[in-house]
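Asker: sharing a model prediction with you, sequence too.
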Amino acid sequence: MAGRGKLIAVIGDEDTVTGFLLGGIGELNKNRHPNFLVVEKDTTINEIEDTFRSLGSLPGSVVEANPNQRDPPLWDEIDSRQFLNRDDIGIILINQYIAEMVRHALDAHQQSIPAVLEIPSKEHPYDAAKDSILRRARGMFTAEDLR
Amino acid sequence: MGTPLDGGSRVPIGCPAKLRRVTRKKVAPDLKGWLSLAKARYAMGAKSVGPLQYASHMEPQVCLHASEAQEGLQKFKVVRAGVHAPEEVGPREAGLRRRKGPTKTPEPESSEAPQDPLNWFGILVPHSLRQAQASFRDGLQLAADIASLQNRIDWGRSQLRGLQEKLKQLEPGAA
């Protein structure tokens, strides 16, 4: 694993995830922890957030309330599901319309790795104005620099 | 492409514009990929190309190599599994590399090549599914390029903030 490099994770609709898995990024390891999440109509925002966010960004009262009473297997499962918490993921691809649902989690992610890329979906074209990275960069340069 | 704010570092001014151009480019291969997936689904059946066909065990065929170009600046490259970077390839022993013959110490990770995901969908798959795979593979390299650009922007921002802080300290009224 040390020489293998990092993984590319994907959070998207069925077509996006199927396409990128066809491209060969999929991993479903022996612990049944995938590096992808298919977002369907009944997928909740909490599920998307849980998969995306690191446990450390949750409010302290939730994480540390009863550290001795947590269920270790469940805790490990949550940790491993969360892409930001995994050190083997280098890029997270996420459909932009899904990113909008968890925008606060994306804006809170300041680290360079894993890089979070917002990508268009079949039904929702890409809008540069909504991209977190470009919004941050916009405040950095003048309008003339961006032409 | 950048403004030298001190002797060594340059703030990548053109990066956001380049990022927007590259990001617009990534729409095209994705559209072709989705269209090809739709064609494959039409040929094979509505439920024949989707999560129901995903394998229960998956090994990635492609992975990401991150190299550090400058301090804190990461560059990403998509590499197919089992392919080593040029600097890693080389004769392990003096003299010519052997092209044939049994390996002395078989490495566990190279003993089984990752399965082609096309196999999840059957033995004979329509050409449109192969086209979809090719389109999404192109998209992966583009994703690595975009991630490298994003990383460069973040690096530039942190450099700019550091230099702005230094500038504030040097201003006459700051003391």
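Answerer: It's in. Residues are numbered from 1 along each chain as shown, chains lettered A, B, ... in the order given.

Asker: quick check: beta-bridge partners of A:Ile92?
Answerer: A:Ala9, A:Val116 (DSSP bridges).

Asker: hmm, it is touching A:Leu117, no?
Answerer: Yes. Between A:Ile92 and A:Leu117 a contact is recorded at 7.1 Å, counting by Cβ atoms under 8 Å. Bear in mind the C-beta positions are built from the backbone N, C-alpha and C, glycine included.

Asker: helices along the chain, start to end?
Answerer: Here I'm looking at chain A. Counting by DSSP state H, chain A has these helices, from start to end: A:14-22, A:45-52, A:60-64, A:72-81, A:96-101, A:103-108, A:132-138, A:143-146.

Asker: hmm, I had chain B in mind actually
Answerer: Under DSSP H, chain B gives helices at B:15-44, B:127-170.

Asker: just tell me which of those ends up closest to B:Glu59.
Answerer: helix B:127-170 (15.9 Å; Cβ to Cβ).

Asker: now the angle between helix A:14-22 and the closest one, please.
Answerer: Interaxial angle, helix B:127-170 versus helix A:14-22 (axes from the mean of the first three to the mean of the last three Cα atoms, to 10 degrees): 90 degrees.

Asker: helix B:127-170 - what's its average pLDDT?
Answerer: Throughout helix B:127-170, pLDDT has a mean value of 90.

Asker: check stretch B:58-71 too.
Answerer: pLDDT averaged over stretch B:58-71 gives 85.

Asker: for it, C-alpha coordinates in CSV please.
Answerer: Provided in CSV are the C-alpha atoms of stretch B:58-71 (Å, rounded to 0.1, in the frame of the first residue of the first chain):
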residue,chain,number,x,y,z
MET,B,58,-12.7,-4.1,-5.9
GLU,B,59,-9.0,-3.2,-6.4
PRO,B,60,-8.2,0.1,-7.9
GLN,B,61,-6.7,0.1,-11.4
VAL,B,62,-5.6,3.7,-11.1
CYS,B,63,-4.1,5.5,-8.3
LEU,B,64,-2.7,8.9,-7.5
HIS,B,65,0.9,9.9,-7.0
ALA,B,66,1.6,13.1,-5.3
SER,B,67,5.0,14.7,-5.7
GLU,B,68,6.2,17.8,-3.9
ALA,B,69,7.5,20.4,-6.4
GLN,B,70,8.3,23.1,-3.9
GLU,B,71,7.8,23.3,-0.2
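
Asker: residues contacting that stretch, please?
Answerer: For stretch B:58-71, contacts defined as Cβ atoms under 8 Å, 6 or more residues apart in numbering or on different chains pick out A:4-8, A:21, A:23-28, A:34-35, A:90-91, A:113, B:74-81, B:85, B:114-117, B:137, B:140, B:144, B:155.

Asker: give me the buried positions along that stretch.
Answerer: B:58-66 (16 or more other Cβ atoms under 10 Å in any protein chain shown).

Asker: circling back to that earlier point, quick check on the contacts of stretch B:58-71: which are buried?
Answerer: A:4-8, A:21, A:23-28, A:34-35, A:90-91, A:113, B:74-79, B:81, B:114, B:117, B:137, B:140, B:144, B:155.

Asker: out of those, list just those in strands.
Answerer: Of these, the ones assigned to strands by DSSP state E are A:7-8, A:90-91, B:74-79.

Asker: farthest-apart pair in those residues, please.
Answerer: A:Leu7 and B:Lys75 (17.3 Å).

Asker: how about the single nearest residue of chain A relative to chain B: what's its closest non-neighbour residue?
Answerer: Per Cβ to the nearest Cβ, A:Gly24 is where chain A lies closest to chain B, at 2.9 Å. Sequence neighbours aside, B:Gln61 is the residue nearest to A:Gly24 in space, at 2.9 Å (criterion: Cβ to Cβ, 6 or more residues apart in numbering or on different chains).

Asker: residues in contact with A:Arg103?
Answerer: A:Ser132.

Asker: A:Arg136 now?
Answerer: Contacts for A:Arg136 were tallied using Cβ under 8 Å, 6+ apart; they are B:153-154, B:157.

Asker: as a markdown table, the residues you listed with neighbour count would be great.
Answerer: Output for those, formatted as a markdown table (neighbours: other Cβ atoms under 10 Å in any protein chain shown):
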| residue | neighbour count |
| --- | --- |
| B:Ile153 | 22 |
| B:Asp154 | 21 |
| B:Arg157 | 19 |
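
Asker: just checking: which of those also lie near chain A?
Answerer: B:153-154, B:157 (Cβ under 8 Å from any Cβ of the partner chain).

Asker: now the one residue in chain B that gets nearest to chain A: how far from A:Ala115?
Answerer: Closest residue of chain B to chain A, Cβ to the nearest Cβ: B:Gln61 (2.9 Å). Noted for B:Gln61: a distance of 20 Å to A:Ala115, by Cβ to Cβ, to the nearest Å.
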